[in-house]
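1. Any chance you could fold what I've pasted below:
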Amino acid sequence: GVGPGGASAALPAGGGGDGTVLLHSKVLTNDPLGSANLTGVPTVPVLPLSIDGVGSVPTNSTLMSSLGMPHQQMLVPTLPLLAAHVGEGLPETFWSGAADERAQQVIDHAMAAGGPAIFAITPSDLTQPRPRMQQAFLASLVDAFPGRPADGAAPVDFARVDFAEEGSDDAAEERVFRHWAASLGLKLNMKDLYADSGSGIVLLKVMERLQPGCVDWSRVDGTPKNKYVKIGNCNYVVQVARTLGIKLVGIAGSDIADGSPKLTLALWWQLMRMDFMQFIAELDMDQAHVLAWANAQVAAGGCDIQLSRFGDPEIRSGVFLLRLMAAVAPDAIDTGMIKPGMTQFDQQLNAKLAISTSHKMGARVFCGWHDIV
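-> Residues are numbered from 1 along each chain as shown. Coordinates of the predicted model:
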């Protein structure tokens, strides 16, 4: 039940003679974990409400096992949240507990609502700087409860949402270069192209990958601790780049160390172009042969889409690329995730899936998902 001010009210439980109650939360405005429309309202056993506060969570396992639950609900005995509240209506124990205790409450609440659909993490994954684990946890929540509207609001129709380009053209280029660098197999783990290029080490590793032996690592400071050492590394980057035939007009080591977007992108573009030209030369096939091979692979997989040229509008849906990947590396992709590609949103999902699948296959990536759609 819902009491005054939106707080949860106590309702008698169907079992036990000691006055134990179940707290049922209302359908929350911003809490998909409390939605009765999905997996049921999270329900936890608690002691009766007293005049001066709320009782503690019972620990008697026999008592807990005798409590009745609504259909499709899960009972998590360790769940310390006494009820799901709106906004700031969380129990005082949440705010007064230690960081690990609060993190455990968040995890338990999520698991109670989403069950096995929620990515399993530990409290330390939330309290420590572990962005990959935190992103996976949040992604599983979004996937388990997609498009959850507020009370009284109409559901979100993602097919009608205008998904604008993410950031500027420079941001799109930056992502492309990071995707390409990640596909080289160097385990660079780059998050910011400009900041990661500032020490010169990443760029030197890429150059060494493109032409083994071109870098004299005895001249490189592997752990630059100040700007002057970074500039020294970047000056050597410029020197090595010129030996590779890369034109760096007006670009100095200080420009790279300072993270100049325009000049840094110019260097990365020439490095990627160099790799692309080497790749095409090693392939020893012209466009017609590559296109014929791709069409044959997709047709053999049971897809009737065929391309007449590389600029064919059919590429925009992403279906052809994903079916080609499924034919070449069937273990790298779940074909059930491929969307029809009839809407802009489906096309973007397919394009992003194509990029991530390319990395999983170990293929070289020379574009971003924007280039596909």
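
2. Surely Ala110 and Phe145 touch.
-> No - assessed by Cβ atoms under 8 Å, Ala110 is found out of contact with Phe145, at 9.9 Å. Backbone N, C-alpha and C define where each C-beta goes, glycine included.

3. Between the two, tell me which one has more neighbours.
-> Ala110 (24 against 19; other Cβ atoms under 10 Å).

4. Secondary structure element holding that one?
-> helix 99-114 (DSSP states H and E).

5. Remind me what that helix packs against, helices and strands.
-> If you count contacts as 3 or more Cβ pairs under 8 Å, 6 or more residues apart in numbering; DSSP states H and E, helix 99-114 packs onto helix 92-96, helix 123-127, helix 131-144.

6. tell me the most buried of those helices?
-> Mean neighbours per residue, mean count of other Cβ atoms under 10 Å, is largest over those for helix 123-127, with a mean of 16.

7. what's in contact with that helix?
-> Ala99, Asp100, Glu101, Ala103, Gln104, Val106, Ile107, Arg130, Met133, Gln134, Phe137 (Cβ atoms under 8 Å, 6 or more residues apart in numbering).

8. what would these look like in TSV with distance to Ala172?
-> Compiled in TSV, those are given as follows (distance: Cβ to Cβ, whole Å):
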residue	distance to Ala172
Ala99	37
Asp100	40
Glu101	42
Ala103	35
Gln104	40
Val106	34
Ile107	35
Arg130	28
Met133	27
Gln134	25
Phe137	28
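
9. out of those, which are buried?
-> Using 16 or more other Cβ atoms under 10 Å as the burial test, the contacts of helix 123-127 include Ala103, Gln104, Val106, Ile107, Met133, Phe137 as buried.

10. Chain neighbours aside, what residue packs nearest to Phe276?
-> Phe366 (5.6 Å; Cβ to Cβ, 6 or more residues apart in numbering).

11. what's around that neighbour, how many residues?
-> 17.

12. Find me the pLDDT at it, would you?
-> Predicted confidence (pLDDT) for Phe366: 89.

13. Same question for Ser183.
-> 89.

14. Could you double-check that it lies in contact with Cys367?
-> No - contact criterion Cβ under 8 Å: Ser183 and Cys367 do not qualify, at 10.7 Å.

15. between the two, which one's more packed in?
-> Remark: of Ser183 and Cys367, Ser183 carries more neighbours, 18 against 15, as counted by other Cβ under 10 Å.

16. Please list all residues in contact with the more buried one.
-> Contacts of Ser183 (Cβ under 8 Å, 6+ apart): Ser358, His359, Gly362, Ala363, Arg364, Val365.

17. SS state for the last one?
-> By that I understand Val365. Secondary structure, DSSP: H, G, I helix; E, B strand; the rest coil: Val365 is coil.

18. which non-adjacent residue is nearest Gly250?
-> Per Cβ to Cβ, 6+ apart, closest to Gly250 is Leu263, 7.6 Å.

19. any idea which element the one you found lies in?
-> helix 261-283.

20. what element comes up after that helix heading to the C-terminus?
-> Assigned by DSSP H and E, the successor of helix 261-283 is helix 287-300.

21. That following helix - what's its average pLDDT?
-> 91.

22. just stretch 220-231 next, same as before
-> Rounded mean pLDDT across stretch 220-231 is 92.

23. then that stretch to CSV, C-alphas only?
-> Extracted in CSV, the C-alpha atoms of stretch 220-231 (Å, rounded to 0.1, in the frame of the first residue of the first chain):
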residue,chain,number,x,y,z
VAL,A,220,61.9,6.7,-25.2
ASP,A,221,60.9,7.5,-21.6
GLY,A,222,58.3,4.9,-20.8
THR,A,223,57.0,6.7,-17.7
PRO,A,224,57.1,10.4,-18.5
LYS,A,225,56.4,12.3,-15.3
ASN,A,226,56.3,15.9,-16.5
LYS,A,227,55.5,17.9,-19.6
TYR,A,228,59.1,18.3,-20.7
VAL,A,229,59.7,14.6,-20.9
LYS,A,230,56.4,14.1,-22.8
ILE,A,231,57.5,16.8,-25.3
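
24. Can you give me the buried ones in it?
-> Val220, Pro224, Val229, Lys230, Ile231.
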